[in-house]
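Participant: Predicted model, plus sequence, below.
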Amino acid sequence: MAHYKCKICGYTIDEDDYEEGLNIPQGTKFDELPSSFKCPKCRMPKAMFEKID
């Protein structure tokens with residue numbers, strides 16, 4: 001699956017391996033996350049993430 005990176009702080013998310021503290025079920029695609037999702041590091045909205053592979 002893909003990786004996504006916050007354009008503000010550089011935090012990366014791997015669709016194959018979400019961090020436990022995010023409370024996101026494994027196998028969830030980034031596009032399926034609610035629009036209310038925020039970067040866990042800098043709290044910027046989901047729209048500030050870009051696909052990096």
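Facilitator: Right, received. Where do you want to start? Numbering: from 1, shown residues only.
Participant: only C-alpha atoms for contact and neighbour calcs from this point on.
Facilitator: Will do.
Participant: Return the residues in contact with the residue nearest to residue 37 when sequence neighbours are not counted.
Facilitator: Once flanking residues are discounted, residue 37 sits nearest to residue 46: 5.5 Å by Cα to Cα, 6 or more residues apart in numbering. When contacts are counted by Cα atoms under 8 Å, 6 or more residues apart in numbering, residue 46 touches 35-39.
Participant: Give me the buried subset of those.
Facilitator: Neighbour counting by 16 or more other Cα atoms under 10 Å classes 38-39 among the contacts of residue 46 as buried.
Participant: Quick one: the contacts of residue 46 as CSV, columns for pLDDT and distance to residue 50 too.
Facilitator: Below are the contacts of residue 46 laid out as CSV (pLDDT from 0 to 100; distance: Cα to Cα, whole Å):
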residue, pLDDT, distance to residue 50
35, 92, 14
36, 95, 16
37, 95, 14
38, 96, 13
39, 96, 12
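Participant: After the lowest-mean-pLDDT helix or strand in the chain, which helix or strand is next?
Facilitator: Every helix and strand of the chain was ranked by mean pLDDT, DSSP states H and E. The lowest is strand 12-14, at a mean of 92. Sequence-wise, the next helix or strand downstream of strand 12-14 (DSSP states H and E) is strand 49-51.
Participant: Okay then, goodbye and thanks.
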